[in-house]
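Novice: Here you go, sequence then predicted model.
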Amino acid sequence: MCNILLGWLGLVKVPSISVKLPRSIVERIKRDAKRAGLSLEEYIIELIFQSLDPDERILEYVDVAKDLLEQAVEELWKGDVGQATEKVWVAAALAVKAYAEWKERRRLTSHGELWEYMRRMVKEPELWVREV
């Protein structure tokens, strides 16, 4: 059933990896993420994507969002609704960031900017909603 749902969503199973870092580095990254108002996952993604040109970054945002949706489905199957919710939130945030960068060449770098842009999107659905 999980594979059917993943296929329906157009998602491909992607392996994940674990990286062991010194505790002091992990604590530093956590502090910096908190200061930036981002989840740890979002912060690391932004660190990696900051050096990409806008077109590459847009594609990477979309690819990572798809991967996170796949992971969210897996978390749901395991019964971990909290982790699934976090993955869906980050995927949605990345989708909005991809849209803002594609549509307006605007890079959203904080939760404040993200929420401001999403509020604008809700008020102006003609910018992004279309009938299929």
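Specialist: Received the coordinates, thanks.
Novice: so which strand or helix has residue 31?
Specialist: Per DSSP states H and E: residue 31 is located in helix 23-36.
Novice: Report the distance from whatever helix or strand comes next after that helix to the chain centre.
Specialist: Using DSSP H and E, the helix or strand that follows helix 23-36 in sequence is helix 40-49. Distance of helix 40-49 from its chain centroid, counting by CA atoms, centre = their mean, to the nearest Å, is 9 Å.
Novice: Other residues contacting helix 40-49?
Specialist: With contact meaning CB atoms under 8 Å, 6 or more residues apart in numbering, helix 40-49 is reached by 29-30, 32-33, 36, 38, 57, 60-61, 64, 86, 90, 93-94, 109. C-betas here are computed from N, CA, C, even on glycine.
Novice: Return a ChimeraX selection command for the buried portion of those.
Specialist: Here is the ChimeraX selection string for the buried members of the contacts of helix 40-49, based on 16 or more other CB atoms under 10 Å:
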select :33,38,57,60,61,64,86,90,93,94
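Novice: hmm, back to that, so which elements touch the helix holding residue 31?
Specialist: When contacts are defined as 3 or more CB pairs under 8 Å, 6 or more residues apart in numbering; DSSP states H and E, helix 23-36 sits against helix 40-49.
Novice: I'd like to check the angle between whichever helix or strand comes after the helix it packs on and helix 40-49, please.
Specialist: Per DSSP H and E, the first helix or strand lying C-terminal to helix 40-49 is helix 54-78. In terms of direction (axes from the mean of the first three to the mean of the last three CA atoms, to 10 degrees), helix 54-78 departs from helix 40-49 by 150 degrees.
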